[in-house]
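Asks: quick check, what structure comes out for this input:
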Amino acid sequence: MQKIQAVLCGYYGFGNGGDEALLAALLQMLPEHVTPLVLSSDPAATEKLHGVESCDRNHFSTVFSALRSSQAFIWGGGSLIQDATSALSPVYYTGLMFLAQRLGLKTIAWAQGIGPLNYRRNRWLAKQTFKGCAGVSVRDRNSTQFIQDWKLQASQAPDPVWALDATSVYRRVELPNPRIAVSLRAHPLLTPQRLQHLSEALVLFQNQTQASILLLPFQPRQDLDIAQALQKQLQGPSQVLQLSDPRQLKGVFQTVDMTIAMRLHALIMAAAEGCRCVGLSYDPKVMQLMTDIDCPGWELEDLPTQPQTISQVWVEHYRQGQGLTEASRNGRCSQALEHQKILEQVL
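Replies: Here you go, the predicted model:
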């Protein structure tokens, strides 16, 4: 089959473990005859981490040259087309997709988590660019609803990170068993008061279970301060572990017994590796996942104000709860490979 080059576009090079995991999954699923060229905020870091060619996503002339020399354009997975974080984010991504389509590239919207789209302009831009794609896959029901409202076609499958290969990191975890992973992120809903309630609950939980606490900052520039602040209050064994390789991040969850997480991909990775999970939702996508995997927890707005109440739920799930069965995990992994079929069909 003839070799082609595809530009991969997503929230890459920002040090976010979830988005790097999506890129790793995309590269894992990419057909062999396709050579990737990744648009990144930090091309050197992307080339080192993923072993692929990369260029600066912020230099228009460089991006334009990359598109002119390529035959395909792939919006990488995740919540790219949403304006809750930034009203300009969907403008950037739809603008690149529109340019790729005008240049005649085959275009794919891959493993998308669409919305929220609060601005009419952004909904119109998204509809027009999705309409021009040769293939579309989405990862959740809300995204499917957007596609149906726009009278378009897409396949829906679980997030591709369910199918990402994990790398063992047993030697990197320097804690006695049992171990509990904790992944929190900076967010307006995680107020200082709520963070203090969670911190006090974690101390109570550790005292009751004698578990070690493994703190995982998925995006260190946002999460590290929180992880370090939690560690200072813990009285038992704890470790802050920073990993840039998403395969290693997923491998971490092979070493722990339960995970408490805000971050979507921390919960996906943990569930995929058979961990018991407790969620803290700051976004509808997290609550959707929690419902899908029958994961206890709270929306942050509804977090109990009594640390004892929080800790009690954690302890009960630690002692009596179960992770997904092997059959359920394998089923989600197989379903996630539907995203690979879109790549094979179009490219």
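
Asks: for the rest of this, base every contact and every neighbour count on C-alpha atoms.
Replies: Noted.

Asks: host element of Gln193?
Replies: Under the criterion of DSSP states H and E, Gln193 resides in helix 192-209.

Asks: what's downstream of that helix, the next helix or strand?
Replies: strand 212-215.

Asks: mind giving me the packing neighbours of that next one?
Replies: strand 179-183, strand 238-240 (3 or more Cα pairs under 8 Å, 6 or more residues apart in numbering; DSSP states H and E).

Asks: helices of this protein, residue ranges please.
Replies: With DSSP state H as the criterion, the chain has helices at 17-29, 43-50, 60-68, 89-102, 120-131, 141-149, 192-209, 220-233, 246-252, 264-272, 284-292, 307-320, 326-336, 338-346.

Asks: got the buried residues for the first one?
Replies: Which is helix 17-29. Gly17, Gly18, Asp19, Glu20, Ala21, Leu22, Leu23, Ala24, Ala25, Leu26, Leu27, Met29 (16 or more other Cα atoms under 10 Å).

Asks: check contacts around the fourth one.
Replies: Taking Cα atoms under 8 Å, 6 or more residues apart in numbering, we find Glu20 in contact with Tyr12, Gly13, Asp245, Pro246.

Asks: still on that earlier bit, packing partners for the helix holding Gln193?
Replies: helix 220-233, helix 307-320.

Asks: mean pLDDT, distance to Asn118 and mean neighbour count added to those helices, as TSV?
Replies: Shown next, in TSV, are those (pLDDT from 0 to 100; distance: least, Cα to Cα, whole Å; neighbours: other Cα atoms under 10 Å):
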stretch	mean pLDDT	distance to Asn118	mean neighbour count
helix 220-233	96	25	17
helix 307-320	98	33	16
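
Asks: can you add distance to Leu204 and give the ones you listed back as a markdown table?
Replies: Below are those laid out as a markdown table (distance: least, Cα to Cα, whole Å):
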| stretch | distance to Leu204 |
| --- | --- |
| helix 220-233 | 11 |
| helix 307-320 | 6 |
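
Asks: tell me which of those helices sits nearest to Thr167.
Replies: helix 220-233 (20.1 Å; Cα to Cα).

Asks: for the closest one, list the C-alpha coordinates in PDB.
Replies: Taking Å, rounded to 0.1, in the frame of the first residue of the first chain, the C-alpha atoms of helix 220-233 are listed here in PDB:
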ATOM      1  CA  PRO A 220       2.100  18.500  36.700                       C
ATOM      2  CA  ARG A 221       1.800  22.200  36.000                       C
ATOM      3  CA  GLN A 222      -1.800  22.000  37.200                       C
ATOM      4  CA  ASP A 223      -1.700  19.100  39.600                       C
ATOM      5  CA  LEU A 224       1.700  19.000  41.300                       C
ATOM      6  CA  ASP A 225       1.000  21.700  43.900                       C
ATOM      7  CA  ILE A 226      -2.200  19.900  44.900                       C
ATOM      8  CA  ALA A 227      -0.400  16.500  45.200                       C
ATOM      9  CA  GLN A 228       2.400  18.000  47.300                       C
ATOM     10  CA  ALA A 229      -0.100  19.800  49.500                       C
ATOM     11  CA  LEU A 230      -2.000  16.600  50.100                       C
ATOM     12  CA  GLN A 231       1.200  14.700  50.900                       C
ATOM     13  CA  LYS A 232       2.200  17.200  53.600                       C
ATOM     14  CA  GLN A 233      -1.000  16.400  55.500                       C
END
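
Asks: what's the angle between that helix and helix 17-29?
Replies: 130 degrees (axes from the mean of the first three to the mean of the last three Cα atoms, to 10 degrees).

Asks: which strands and helices lie in contact with helix 220-233?
Replies: helix 192-209, strand 238-240.

Asks: next up, the contacts around Val161.
Replies: Per Cα under 8 Å, 6+ apart, neighbours of Val161: Ala21, Leu22, Ala25, His265, Ile268, Met269, Ala336.
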